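Novice: just need the structure, nothing else, for what follows:
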Amino acid sequence: MECIAQPPKRRAPNPRRAAALDGAPEQRRALAIRNHVVPLIRALAGAHRAGGLPVLLAVLGPFTLSYRRPLVGQADQPCRLEIRRRRRLLVLEWTGTDFTLVTFQPGPWEQEVLRLTPPRR
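Specialist: Model prediction:
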């Protein structure tokens, strides 16, 4: 199961997903952040365990980014992205196109996260 959003294929929109995004700018911003940081986490993170589950953890600038995806055979478990800077700013869980915005603290951190790039080696 792949947890990162892939470029959309040209097909009819999923009405359930479209309904979930209508009038929800925080959800759209959270998905844009997810699509930006998950590849960074995958490229930079070290593997850790949290609650017995494998978690990729990366620290970029002032942010701690964690990404969890289910193990094989645990398809009922959602993927989870968490972003912290001294406190939890974003927690997003998803399976396929269904997602839950658990925590979202709007603020200037959103643009800072979208400007994050991998450190030069």
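Novice: CA atoms for contacts and neighbours, from now on please.
Specialist: OK.
Novice: what stretches of the protein score poorly on pLDDT?
Specialist: Residues of the chain meeting the criterion pLDDT under 70: 1-24, 51-52, 121.
Novice: show me where this protein has strands.
Specialist: With DSSP state E, the ranges of strands along the chain come out as 46-50, 53-60, 63-68, 79-84, 88-95, 98-104.
Novice: show residues contacting the fifth one.
Specialist: Strand 88-95 is contacted from outside by 3, 30, 77-84, 99-106, using C-alpha atoms under 8 Å, 6 or more residues apart in numbering.
Novice: quick one: closest of the strands of the chain to residue 116.
Specialist: In terms of C-alpha to C-alpha, the element of the strands of the chain nearest to residue 116 is strand 53-60, at 7.3 Å.
Novice: tally of neighbours for residue 43?
Specialist: Residue 43: 12 surrounding residues under other C-alpha atoms under 10 Å.
Novice: follow-up on the earlier one: which among the contacts of strand 88-95 end up buried?
Specialist: Burial by neighbour count, 16 or more other C-alpha atoms under 10 Å: within those this picks out 3, 30, 78, 79, 80, 81, 82, 83, 84, 99, 101, 104.
Novice: how near is the residue lying closest to the fourth one once chain neighbours are set aside to residue 95?
Specialist: Distances taken as C-alpha to C-alpha, 6 or more residues apart in numbering put residue 69 closest to residue 79, at 4.3 Å, once the chain neighbours are dropped. Applying C-alpha to C-alpha, to the nearest Å, the value for residue 69 to residue 95 is 9 Å.
Novice: the more surrounded of the two?
Specialist: Between residue 69 and residue 95, counting by other C-alpha under 10 Å, residue 69 is the more crowded of the two (23 against 19).
Novice: so the more buried one versus residue 55, what's the distance?
Specialist: Relative to residue 55, residue 69 is positioned 7 Å away (C-alpha to C-alpha).
Novice: TSV for the strands of the chain, including distance to residue 39?
Specialist: What follows is the strands of the chain, written out as TSV (distance: least, C-alpha to C-alpha, whole Å):
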stretch	distance to residue 39
strand 46-50	13
strand 53-60	11
strand 63-68	10
strand 79-84	12
strand 88-95	15
strand 98-104	18
